[in-house]
Structures are given as C-alpha cells and as structure tokens.
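Q: sequence-free structure coming up:
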C-alpha cells in the first residue's frame with residue numbers, strides 16, 4: 001500500500017470515531033436527563049410519603065393521647081381528628097375576625113370621639129353666640145322700651161283726654177313695643193280736635209314717623225288758631241314732604257314713599273257740628289242702628305303721584321250717635337278658621353253690635369280686644385299696629 005491510501009484509511013477511521021463519539025454523547029446526555037427526572041420524581045414521591053407519614057404519626061399520637069386520657073380506643077378517630085382540625089381552624093378564624101372587629105371598633109370609637117369633640121366645640125360656639133345675641137336683644141329691648149316711654153309721653157295725657165266733652169275710648173295696640181299708629185287731641189277755645197293716624201311701617205320706623213307727626217300737629221296749632229280738617233291735612237302733607245325731602249315726583253325709584261294715613265275730626269262744642277276730613281282713613285257714624293261711612297280721599301299725608309285736595313264733610317251730632325275713627329290694623333288682621341282678613345264688612349257689623357248694646361265705653365274697648373284675640377287665635381300673630389277711637393254722644 002502506498003502512503004496516500006494509508007492516509008485515507010486513517011482519516012476515515014478518525015471520522016467514524018468522531019461520529020460514534022457524538023452519538024454516544026447525545027445518548028448519554030438523554031440518559032442523564034431521564035435519570036435526573038427519575039430522581040426528581042422519586043424525590044417528590046419521597047416527600048409526599050414523608051408528609052403522609054408525618055400526618056399519620058400525628059394522628060397516631062392524637063389517638064394514643066385519647067387512649068391514654070379515656071382508656072379506650074375512640075371511634076372514628078380519623079373523623080374526630082378532622083373535626084378537631086376544623087375546630088382549630090374555626091377558632092383561628094374567629095380569633096382573626098375578633099381582632100379585625102376590635103380594630104374596626106377602635107377606629108369607629110376614635111372617629112366618634114373626634115366627632116363628639118367637634119360637636120362639643122361647635123356647641124360652645126353656639127352657646128357663646130346665643131348669649132351674645134340674647135345680650136344684644138336685651139339691650140335693644142331696653143332701648144325700645146325706653147323709646148316706648150318717650151312715645152307714650154308724647155301722646156295725649158289722661159287729663160287732656162278727659163277734657164273732651166263726650167265719653168270715648170281709645171283702643172291702641174302696637175304690634176311691637178312701639179307703634180306707628182298714634183292719636184292726638186287738643187281743646188282750643190270751643191273746639192275739640194281729634195286725630196287718628198297710621199304711619200308707614202310699624203315698630204321703630206313707624207314710631208319715628210309718629211314722633212314727626214305729633215310734632216307737626218303741635219306746630220300747626222302752636223298759634224292756637226282753629227282751622228278746618230282738610231286744611232290740617234294739607235299742612236301736614238306739606239310738612240311731611242318737606243321733612244322727608246319728597247320733592248321729585250318723577251323720580252319714583254329714589255323717591256321716599258313714607259307718609260301717613262289720617263282721620264281728622266274738628267268738633268264745635270257749642271253747635272255740636274262735626275267737620276271731618278280723611279287721608280285714606282274714613283269715619284263711621286252709627287245712628288239709629290244704621291252705619292254711615294264718610295269716605296276719605298285716596299291720598300296719603302305725603303307725596304303721591306295723583307295728589308288731590310282733601311275733602312271736608314260736615315254734620316251735626318245727635319243724641320246716642322256713635323263715631324268711630326281707626327287705622328286699618330283691625331280690618332287687615334289675619335285670623336279665623338281659614339286664616340283670612342277680618343275685612344271692613346265684619347268690622348262694621350261688630351261696631352253696629354257694640355253700639356246697639358249701649359255698653360259703657362270702657363266695656364266696648366274690652367269687647368273689641370276680646371274679639372281681636374279670638375280672631376287671631378293661636379295660629380296667627382298680630383301683623384300691624386291697631387288703633388280705634390270710639391265716641392258716644
């Protein structure tokens with residue numbers, strides 16, 4: 001054989017050897033993987049067996065303990081063990097739930113405490129505010145009560161009222177402590193001048209207006225000269241407009257609409273002649289159980305877009321005549337079963353009834369007050385000042 005053939009043969013042998021080595025390597029590798037899987041499987045089986053044996057040992061120990069304690073082999077020991085395990089689990093769960101509930105209750109109590117503290121602080125603030133309001137209310141009430149004394153001092157005294165020739169009553173019932181309704185009387189020579197007035201508003205604003213009205217009436221009669229009822233109203237209108245700066249009738253937006261309604265009666269005590277004029281407030285004459293209305297002009301004592309001169313009425317008094325002048329407080333009062341206004345028709349009936357019974361004037365005043373209280377009842381409140389003048393010839 002030559003050298004080239006020998007080289008070829010050696011090369012082939014090496015190739016065969018390499019191929020066989022590769023095949024053997026992969027076979028061994030696969031075998032090694034299978035061996036590892038088998039070992040892992042055996043290991044898992046061993047662990048399962050071990051776990052089972054441990055459980056069994058525990059069970060056997062439990063049974064032995066039961067035998068030692070009771071002296072006999074318990075029936076269904078496996079079931080009892082399962083029940084015991086369930087009981088333990090249940091107890092653990094209950095303990096866990098109890099702990100959770102305690103935590104929740106603790107949080108709830110904490111929030112309740114915080115809320116209680118906040119409420120207590122707010123209550124203290126409210127109590128302090130309440131005391132401040134009560135103190136201020138008390139101070140304001142004292143001031144208004146003192147203002148009431150001043151207002152009453154400006155009204156006609158009992159001595160001035162007793163100068164009137166005829167028996168009469170004045171039913172004056174302010175809605176608040178002070179009133180926007182006022183009355184004025186004066187004896188000048190042989191004449192009696194009687195004024196019943198209802199100012200815009202009530203309470204303190206109305207009381208201020210009443211003070212203005214009384215001062216203006218005092219000013220008008222300061223000279224001691226008696227004038228007609230319509231002239232009294234005209235002079236009052238000028239004075240009110242001047243005092244309240246009611247000059248521009250076209251500027252309705254900024255124009256003060258304050259004023260007063262008035263009924264003015266001038267009696268000639270020698271001739272028994274009555275002169276009446278009214279600004280929105282009429283006069284009622286009851287004679288022979290008949291009620292006659294002397295209407296007032298639809299103009300207030302103050303500025304008005306359609307101002308007209310006030311009208312005078314004249315009539316002579318007769319025996320047993322009854323005269324009534326009043327504000328609109330009684331007529332407009334809400335009450336009764338339906339919460340409606342008293343209305344003028346019912347007021348006329350009431351005055352006719354009072355006149356027909358021939359009661360003393362003080363008793364008539366009491367009857368009017370009782371009628372008002374019954375009408376208002378428990379569900380309603382007095383809505384306005386009330387003023388009624390009644391005179392008996």
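A: That came through fine. Note that the coordinates shown come from a computational prediction; the quantities given were computed from them, not determined experimentally.
Q: please enumerate the helices of the stretch 51-200 of the chain.
A: Using DSSP state H, counting those that start in this stretch, the helices of the stretch 51-200 of the chain run over residues 77-154, 158-162.
Q: nearest to residue 174, of those helices?
A: Taking CB to CB, helix 77-154 is the member of the helices of the stretch 51-200 of the chain nearest to residue 174, at 8.1 Å. C-beta here means a position set from N, CA and C on the backbone, and glycine is covered the same way.
Q: mind giving me the domain split of this protein?
A: What automatic domain parsing lists as the domains of the chain is 21-74, 93-154, 158-392.
Q: average pLDDT for the longest one?
A: Spelled out, it's domain 158-392. Regarding domain 158-392, the rounded mean pLDDT is 91.
Q: any idea how far apart the tips of it sit?
A: 18 Å (CA to CA, to the nearest Å).
Q: quick one on the thing from earlier: can you list the domains of the chain in TSV and add mean neighbour count?
A: Below are these laid out as TSV (neighbours: other CB atoms under 10 Å):
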stretch	mean neighbour count
domain 21-74	10
domain 93-154	11
domain 158-392	17
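Q: can you show me the strands along this protein?
A: 167-173, 181-188, 191-199, 260-268, 273-279, 283-287, 290-294, 313-316, 322-326, 334-335, 340-341, 386-392 (DSSP state E).
Q: could I get these as JSON lines with distance to residue 110?
A: Putting those into JSON lines (distance: least, CB to CB, whole Å) gives the following:
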{"stretch": "strand 167-173", "distance to residue 110": "59"}
{"stretch": "strand 181-188", "distance to residue 110": "62"}
{"stretch": "strand 191-199", "distance to residue 110": "62"}
{"stretch": "strand 260-268", "distance to residue 110": "66"}
{"stretch": "strand 273-279", "distance to residue 110": "72"}
{"stretch": "strand 283-287", "distance to residue 110": "75"}
{"stretch": "strand 290-294", "distance to residue 110": "77"}
{"stretch": "strand 313-316", "distance to residue 110": "82"}
{"stretch": "strand 322-326", "distance to residue 110": "68"}
{"stretch": "strand 334-335", "distance to residue 110": "54"}
{"stretch": "strand 340-341", "distance to residue 110": "58"}
{"stretch": "strand 386-392", "distance to residue 110": "60"}
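Q: any idea what the residue nearest to residue 267 when sequence neighbours are not counted is bridged to?
A: Excluding the flanking residues, the one nearest residue 267 by CB to CB, 6 or more residues apart in numbering is residue 192, at 4.4 Å. Per DSSP bridges, the residues bridged to residue 192 are residue 187, residue 267.
Q: isn't residue 367 right next to residue 354, touching?
A: Yes - with contact defined as CB atoms under 8 Å, residue 367 reaches residue 354; the gap is 5.9 Å.
Q: hang on, isn't residue 184 packed against residue 156?
A: Yes - with contact defined as CB under 8 Å, residue 184 reaches residue 156; the gap is 6.6 Å.
Q: pull the contacting residues for the residue lying closest to residue 326 once chain neighbours are set aside.
A: Once flanking residues are discounted, residue 326 sits nearest to residue 388: 4.4 Å by CB to CB, 6+ apart. Residue 388 makes contacts with 170, 171, 324, 325, 326, 327, 330, 368, as judged by CB atoms under 8 Å, 6 or more residues apart in numbering.
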